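K.L.:
Dropping a prediction and its sequence here:
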Amino acid sequence: MPLSDEVKAQLKAKGFTDAEIAAMDAAGNTETKKDTTKPSTVTYPSVSSKTQADAKVTDIFEKLLDRSPTPGELSKWRKALRAAQKEQASKQTYKRKGTTAEQMTVGGLDAEQWLTTELSKDPVFGPEIKRLALLDPKVRQKEAAKREYDAAVKEAKGNLAKLAQLQTTTSYGIDIAGIAQKVKSAADLAGAELDEASLMQIAAEAWNTNQDQDPALLTAFINKKIKIGPTDGQYKGEAATNYEKLFEVGIDNGINIAADPRFRVQIDGWLNQINTGVPIENFELLIRNAAAEGQPAFVKDLMRTGQNLRKIYGNYISRMAQFFDIDEQAIDLNDPLLKKVFTDKGGMPFNQFESLLRKDKRTTGSELGQATNNRQYVIDRAVELGVDLSESDVDDIVTTATSLGIRVESSAIDKLIRTKFNYSPDKAFGGKAGETITTLRSTAAANGISLDKQFGGQLDSWVERVMQGESVDTFKSIIRQTAKIGMPENIGKLLDEGVDLDTVYSPYKNLMASVLEINPEGIRLDDPVLRSAITSAGETSLFDWQRQLRKDPRWQYTNNAREEVSNVALDVLRDFGFQG
């Protein structure tokens, strides 16, 4: 049976030549006159032309290896493919059924599958194919871009203009330029200086190791690569800021890290580590630990909390500055007087320290800031504030004021007096303190709160702050905020506006007093029956509240209850005709 035009077209598309198709057509163009004709089979090779084979080999190389084959590789695999096609020829079988002939073609080589399989088994190409299959597509794309760039560099043959042009015309060149800019920005920010060669070297290494695939990884990589050090004796950028912080911590602990041999050789290393993400606090701690050596246990414990020696000695340094009439920063933390201040258990009393200062040869003439010992003024002012002072308290305030150069008439005396205030629930207070406590106690009672139980531990601070000038309303608001816990939202808003619970419950209290026939003044805000009128679920209506109160055991003993029972009994008698 001759080949149809459709079959011929398919064979042509598969790469068969016209001569091969004609041969197949001739083989099938035989007529069998008898129905008993046996099936016939024609075997013919389907071999790609040189052009077709080269195209298939090139296509598979690019798919599997992200590159074109070299001329040698192309020749080798073209020959192998065509040989395999000859070995695995197609077979065409013709079979007649009645007056109809059937044609069936089997076998033949799938060129793409064969090349894929054979290249994957190849000892040279197989491992590379597996590696590329596991790579992130972006990384494969990068590698292809690098090969393209390398080929372009080779083609440029050292032409500087062409090589420079590649930085803006190839994917690799553009990527490297972008990373280099990030490296420079990071270096400038950190305070490091890089020459052009170092800049490009870091950028290329970041690209080659795929650090540029994640911004955080790239930043960390760059920070590890750049090296920080002083330029002309000065740090720059963030390095300068961090150096200043470390230097100040050193000074505040009696150490000059720029001159101290224990630290000066470590500074660059510290700044580089800080730039890579190590907390600066780690190095501040190293300085503080060095300063703590030889200090008494009491001071060491304070330094472990992050305090510096200058802060720990602060009050003593202030007194020294006053006595010596110099700036506090001029006081050396290693001054022999300061060495006597602390023991393992605590600090020296100020009056004892001031006694040492008076004997020091640096104190000349009269003590700076010494004021007239006006005990009566301090006593009178304490009465106005409501602070009860003992004789020793008065002496301490006057002595402190004198040593600090504070006139007793100064408002700063108030601060010294306020520090002596101690609240006690069973003690009566006058002046500003008494007025404040009375106001707060009244607000607490109006909101069903015991001031001493709820806020006893805070009253010292509250009263001192009011005496200092802060409004008492601040603390009244704190009391109301506590009172509104568990209240409905609308009640909470009233409390926020300055309304007390006593006002909110007033209608319920009056109705409760009326229904239960009790004195309204005897109903406290913490009465559980009264509190049940308002819950977190909301407010009870006065009508429902009255009905609820009638269920209270106390109601049955009221005149209202007896009168209601009598009226009910009278109605029953009338119903039975016993009353007119």
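P.N.:
Ah, there it is. Numbers count the residues shown, from 1 in each chain.
K.L.:
After the one helix or strand in the chain whose mean pLDDT sits lowest, which helix or strand is next?
P.N.:
Counting by mean pLDDT, DSSP states H and E, the weakest-scoring helix or strand in the chain turns out to be strand 40-44, with a mean of 54. Proceeding N to C from strand 40-44, the next assigned helix or strand is helix 50-65, under DSSP states H and E.
K.L.:
contacting residues for the closest residue to residue 251 other than its chain neighbours?
P.N.:
Closest residue to residue 251 apart from its sequence neighbours, by Cβ to Cβ, 6 or more residues apart in numbering: residue 310 at 7.9 Å. C-beta here means a position set from N, CA and C on the backbone, and glycine is covered the same way. Contact analysis of residue 310 by Cβ atoms under 8 Å, 6 or more residues apart in numbering lists 251, 252, 253, 317, 333.
K.L.:
How about residue 420?
P.N.:
Counting by Cβ under 8 Å, 6+ apart, the residues that residue 420 touches are 382, 387, 389, 393, 397.
K.L.:
right, and the pair among these with maximum separation?
P.N.:
In terms of Cβ to Cβ, the contacts of residue 420 reach their longest pairwise distance at 387 and 397, which sit 10.2 Å apart.
K.L.:
which stretches of the stretch 401-550 of the chain form strands?
P.N.:
Ranges of strands in the stretch 401-550 of the chain, per DSSP state E, counting those that start in this stretch, are 534-535, 538-539.
K.L.:
Contacts made by the last one with the rest, please.
P.N.:
In this structure, residues lying in contact with strand 538-539 by Cβ under 8 Å, 6+ apart are 488, 490, 491, 533.
K.L.:
again, only this time at 7 Å
P.N.:
Residues lying outside strand 538-539 but in contact with it, judged by Cβ atoms under 7 Å, 6 or more residues apart in numbering, are residue 488.
K.L.:
same question, stretch 216-235
P.N.:
Residues from elsewhere that reach stretch 216-235, judged by Cβ under 7 Å, 6+ apart: 182-183, 186-187, 190-194, 202, 206, 211-212, 239, 243, 268, 271-272, 275-276.
K.L.:
just the buried members of the residues you listed?
P.N.:
Neighbour-count burial (16 or more other Cβ atoms under 10 Å) is assigned, among those, to 182-183, 186-187, 190-192, 194, 202, 206, 211-212, 239, 243, 268, 271-272, 275.
K.L.:
want to try JSON lines for the strands of the stretch 401-550 of the chain, with mean pLDDT, mean neighbour count and distance to residue 160 as columns?
P.N.:
Output for the strands of the stretch 401-550 of the chain, formatted as JSON lines (pLDDT from 0 to 100; neighbours: other Cβ atoms under 10 Å; distance: least, Cβ to Cβ, whole Å):
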{"stretch": "strand 534-535", "mean pLDDT": "80", "mean neighbour count": "16", "distance to residue 160": "87"}
{"stretch": "strand 538-539", "mean pLDDT": "82", "mean neighbour count": "14", "distance to residue 160": "85"}
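K.L.:
Now render these as a markdown table, adding distance to residue 173.
P.N.:
Written out in a markdown table, the entries for the strands of the stretch 401-550 of the chain read as follows (distance: least, Cβ to Cβ, whole Å):
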| stretch | distance to residue 173 |
| --- | --- |
| strand 534-535 | 74 |
| strand 538-539 | 73 |
